[in-house]
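J.: no sequence on this one, just coordinates:
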């Protein structure tokens with residue numbers, strides 16, 4: 001198999017695959033596959049109509065143990081999935097193309113139905129649930145309307161924000177206001193940086209995330225044209241204070257990749273406002289707000305918006 005570094009040259013094939021398969025999972029987003037190459041050292045192989053991906057499990061160095069994504073057909077044709085899986089396992093076993101070696105081939109971040117296929121094909125495989133990787137899915141109309149008693153606290157946060165900052169304005173993300181997003185990210189990074197590990201991650205983690213966000217902004221037009229990249233920026237008295245960056249994951253799903261708000265606006269309802277304003281502009285039926293990474297604060301925040309589903313993710317290890 002011809003493994004290559006995941007790059008912008010693969011974005012059209014990845015997005016076509018996501019749309020054809022009607023994906024809901026954020027790790028199958030073309031934008032995420034390209035952007036996170038710099039963190040996870042991702043590799044991709046396109047063999048006929050099948051896409052194979054592998055990346056560093058630890059997301060640190062190329063010497064970290066590698067894992068594989070589940071193979072997908074770019075046309076959404078699942079009839080030969082068993083052959084595609086067998087090809088990948090055989091390649092990792094016999095031809096030395098398991099990029100980081102190892103005594104087993106590990107599939108990570110895969111969905112329940114994909115886990116079931118692997119366990120059927122390889123009964124000696126071991127499956128482990130990874131709830132920290134589960135995606136939070138919401139109906140767009142729920143996040144945009146915030147109707148009903150269960151969303152009363154969110155509506156109160158938004159009212160509080162508008163009362164405190166009556167001159168706040170919202171703009172859809174464009175190439176012209178990307179500089180405002182960079183300013184917010186730099187301020188947010190300064191507020192959250194620490195030499196040790198914080199809830200937001202280590203300082204090195206946050207620097208990598210900043211670089212990924214800046215890469216998305218630098219290539220905004222490319223992502224917008226190929227994957228429907230969008231987002232929003234919130235201003236108070238002309239000062240940019242919050243942003244979100246998203247893209248079209250598939251026909252029915254918008255994927256929110258990043259959402260940040262700086263102090264003191266974050267404490268006064270800024271996150272609720274940017275979330276709600278962006279949702280009002282989303283055209284898809286569902287919004288994927290990604291995983292909680294096992295961070296308790298993120299888990300509570302995501303649950304407070306009452307997801308319609310949390311997509312289960314699994315790791316499956318197949319002995320070689």
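T.: Yep, that arrived. As the structure is a computational prediction, the values presented were derived from the model and not from experiment.

J.: Who are the packing partners of the helix or strand harbouring residue 190?
T.: For residue 190, the element it lies in under DSSP states H and E is helix 178-192. On a contact count with 3 or more C-beta pairs under 8 Å, 6 or more residues apart in numbering; DSSP states H and E, helix 178-192 meets helix 203-218, strand 230-236, strand 239-250, strand 253-261. Bear in mind the C-beta positions are built from the backbone N, C-alpha and C, glycine included.

J.: Which one, of the ones you listed, ends up nearest to residue 53?
T.: Of all the helices and strands packed on helix 178-192, strand 239-250 sits nearest to residue 53, with 15.7 Å by C-beta to C-beta.

J.: and the angle from the closest one to helix 178-192?
T.: Between strand 239-250 and helix 178-192, the angle comes out at 110 degrees (axes from the mean of the first three to the mean of the last three C-alpha atoms, to 10 degrees).

J.: Give the pairing partners of strand 239-250; include direction for each.
T.: Strand pairing for strand 239-250, determined by DSSP bridges: strand 230-236 (antiparallel), strand 253-261 (antiparallel).

J.: So which of those is nearest residue 18?
T.: Checking the strands paired with strand 239-250 against residue 18 by C-beta to C-beta gives strand 253-261 as the closest, at 8.9 Å.

J.: Show the subsequent helix or strand relative to the closest one.
T.: Taking DSSP H and E, what comes next after strand 253-261 is helix 270-279.

J.: tell me the mean pLDDT for that next one?
T.: Mean pLDDT, helix 270-279: 98.

J.: what about the stretch 101-250 of the chain, any weak spots by pLDDT?
T.: 101-102, 194-200 (pLDDT under 70).

J.: please redo it, this time with the cut-off set to 90
T.: Low-confidence segments of the stretch 101-250 of the chain (pLDDT under 90): 101-104, 192-205.

J.: Residue 226: neighbouring residues, count only.
T.: Around residue 226 there are 20 other residues, counting by other C-beta atoms under 10 Å.

J.: Does it lie in a helix or a strand, and which?
T.: Here residue 226 is assigned to helix 220-227, by DSSP H and E.

J.: buried residues in that helix?
T.: 220, 223, 224, 226, 227 (16 or more other C-beta atoms under 10 Å).

J.: from the residues you listed, which is closest to residue 108?
T.: residue 227 (22.7 Å).

J.: Contact partners for the spatially closest residue to the closest one that is not a sequence neighbour?
T.: In space, and not counting its chain neighbours, residue 227 is closest to residue 247: 4.6 Å by C-beta to C-beta, 6 or more residues apart in numbering. Counting by C-beta atoms under 8 Å, 6 or more residues apart in numbering, residue 247 makes contact with 29, 30, 31, 223, 227, 228, 229, 230, 254, 255, 257.

J.: Tell me the one of those residues nearest residue 49?
T.: residue 30 (16.1 Å).

J.: burial measure for that closest one, as a count.
T.: Should you count by other C-beta under 10 Å, residue 30 turns out to have 27 residues around it.

J.: Let's see the pLDDT reported for it.
T.: 98.

J.: ok, it - contacts?
T.: 11, 12, 14, 15, 17, 18, 226, 227, 247.

J.: Which two of these have the greatest separation?
T.: 17 and 247 (14.4 Å).

J.: Buried residues in the helix or strand harbouring residue 32, which are they?
T.: Under the criterion of DSSP H and E, residue 32 resides in helix 30-35. Neighbour counts using 16+ other C-beta under 10 Å place 30, 31, 32, 33, 34, 35 of helix 30-35 among the buried residues.

J.: tell me the contacts of the last one?
T.: Each residue near residue 35 by C-beta under 8 Å, 6+ apart is listed here: 212, 215, 216, 257.

J.: okay, those in CSV with neighbour count and distance to residue 238 next?
T.: Formatted as CSV, the contacts of residue 35 follow (neighbours: other C-beta atoms under 10 Å; distance: C-beta to C-beta, whole Å):
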residue, neighbour count, distance to residue 238
212, 20, 27
215, 16, 27
216, 23, 24
257, 24, 26
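
J.: Show me the two of those residues that sit farthest apart.
T.: Maximum distance among these (C-beta to C-beta): 11.3 Å, for 215 and 257.
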